[in-house]
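Visitor: following is a predicted model, sequence given first.
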Amino acid sequence: MVVLNRIYTKTGDDGTTALGTGERRPKYDLRIEAYGTVDETNAAIGVVRLYTAEMPELDAMLGRIQNDLFDLGADLAVPEREGKAERLRVVASQVERLERDIDMLNDKLAPLTSFVLPGGTPAAVHLHVARTICRRAERVIVELAAQPGEPVSAAGIQYMNRLSDFLFVASRVVNGNGAGDVLWVPGQNR
């Protein structure tokens, strides 16, 4: 259980923050950037949910994703270390659930004949914003994983990769199952 009695601690006033292990790192540290960008993705999905109350199935999926993103933040905030007790980790079943949700949503959509521009309904546009933030988070997490001594769970990387796909498919769903998509027209303004 998490108990937050006091919101400000002043411990970060020196430009550092604590990982879940207690280790202090500079606030610009790549691991901090990774879970901070996951948090930004979560906030963007929160904005999307302002527009999805009338779509309870999709809204429930987004709510589960928000919880998963907190799991991923916790995973990233506590690097795996040999001999240490295992902490909360993103697991394969979370990735698999996301894949099932993508497949279920995608079954309703006509195949694409062009790339899709961010547009259409407000929900679709916000889903595209969340997707681009998610892609940035994925890039940071992959960069972190490439650093010596900075373990990252494979399931966490897979989750972010699938999540950007989910957000794209969901943008088409909220655009009338693709009918309201704004398609790219190559060279249109030559």
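Guide: Structure's in. What do you need?
Visitor: the closest residue to residue 184 other than its chain neighbours - how many residues pack around it?
Guide: For residue 184, ignoring the flanking residues on the chain, the nearest one in space by C-beta to C-beta, 6 or more residues apart in numbering is residue 115 at 4.2 Å. Every residue, glycine included, has its C-beta placed from N, CA and C. Using other C-beta atoms under 10 Å, residue 115 has 10 neighbouring residues.
Visitor: any idea how far residue 115 is from residue 181?
Guide: 10 Å (C-beta to C-beta, to the nearest Å).
Visitor: so which strand or helix has residue 17?
Guide: For residue 17, the host element (DSSP states H and E) is strand 16-18.
Visitor: check which element follows that strand along the chain.
Guide: strand 24-26.
Visitor: put the alpha carbons of stretch 19-29 into PDB.
Guide: Coordinates of the C-alpha atoms in stretch 19-29 are reproduced here as PDB (Å, rounded to 0.1, in the frame of the first residue of the first chain):
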ATOM      1  CA  LEU A  19      14.600   5.600  -7.200                       C
ATOM      2  CA  GLY A  20      12.400   3.000  -5.500                       C
ATOM      3  CA  THR A  21      15.600   1.400  -4.200                       C
ATOM      4  CA  GLY A  22      16.500   4.600  -2.300                       C
ATOM      5  CA  GLU A  23      19.400   5.300  -4.600                       C
ATOM      6  CA  ARG A  24      19.500   9.000  -5.600                       C
ATOM      7  CA  ARG A  25      20.000  10.100  -9.200                       C
ATOM      8  CA  PRO A  26      20.100  13.400 -11.000                       C
ATOM      9  CA  LYS A  27      16.700  14.500 -12.200                       C
ATOM     10  CA  TYR A  28      18.100  14.400 -15.800                       C
ATOM     11  CA  ASP A  29      19.100  10.800 -15.400                       C
END
